[in-house]
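A.B. asks: what follows is a predicted protein model with its sequence.
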Amino acid sequence: MKIYTRTGDAGSTGLFGGPRVAKDDDRIEAYGTVDELNAALGLVRSAGVSSTMDSQLCQIQHALFSIGAELATPNPDEHGMRIIDDVHVKQLEGWIDEHESVLPPLKNFILPAGVAAATHLHLARSICRRAERRVVTLVRRHEASVSEELIVYLNRLSDLLFVLSRVANFDAGVEDDPWQRPQGS
């Protein structure tokens with residue numbers, strides 16, 4: 001199988017079980033941003049995280065492929081593409097609670113800073129927030145068939161990525177960098 005097909009050379013792409021659409025279509029923006037998030041998590045994993053965190057991020061990457069598949073399918077129910085459900089959301093919440101239990105309480109906003117794994121996690125968190133916005137746009141503008149759990153999953157995932165950024169710094173002995181209001185002149 002060739003990696004290039006030339007079918008997208010004119011600026012369109014095919015949806016799974018659906019029509020061809022422009023590459024800047026809201027649906028493509030949504031699953032493209034999920035794909036970008038998945039790549040960012042691969043970058044995090046390459047930055048030297050604990051085996052527990054690596055395993056969790058790997059599971060999340062698999063879930064993100066499923067989310068991408070659902071978003072790339074105009075009629076996901078017809079094609080059995082509804083994968084993400086409440087169980088996946090509860091898993092993220094469990095991981096958040098587990099990781100937060102070892103962290104010092106958060107008393108300030110913090111800057112996206114610290115060790116490489118932490119800063120990569122902050123970047124992934126911001127990409128995740130954008131992916132969530134793109135999915136909400138898809139639903140709002142096009143009344144697209146997207147499961148509520150998928151949106152909740154992305155929202156909870158951004159929370160987890162924030163907590164994991166703190167864990168990465170904590171594990172490395174690096175304190176969170178608190179935000180300070182800039183002083184006027």
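C.D. replies: Structure's in. What do you need?

A.B. asks: for the helix or strand where Phe170 lies, what is the average pLDDT?
C.D. replies: Taking DSSP states H and E as the criterion, Phe170 maps to helix 148-171. When pLDDT is averaged over helix 148-171, the result is 97.

A.B. asks: check stretch 34-52 too.
C.D. replies: Mean per-residue pLDDT for stretch 34-52: 97.

A.B. asks: residues contacting Val115?
C.D. replies: By CB atoms under 8 Å, 6 or more residues apart in numbering, the contact list for Val115 reads 47, 168-169, 172, 174. To be clear about C-beta, it is placed using only N, CA and C from the backbone, and glycine gets the same treatment.

A.B. asks: among those, which two are most distant?
C.D. replies: Farthest-apart pair in the contacts of Val115 is Ala47 and Val174; separation 13.3 Å (CB to CB).

A.B. asks: mind checking the SS state of the residue positioned nearest the centre of the chain?
C.D. replies: Computing the C-alpha centroid of the chain and ranking residues by CA atoms, centre = their mean puts Cys128 first, at 3.7 Å. Secondary structure state of Cys128, per DSSP: H, G, I helix; E, B strand; the rest coil, is helix.
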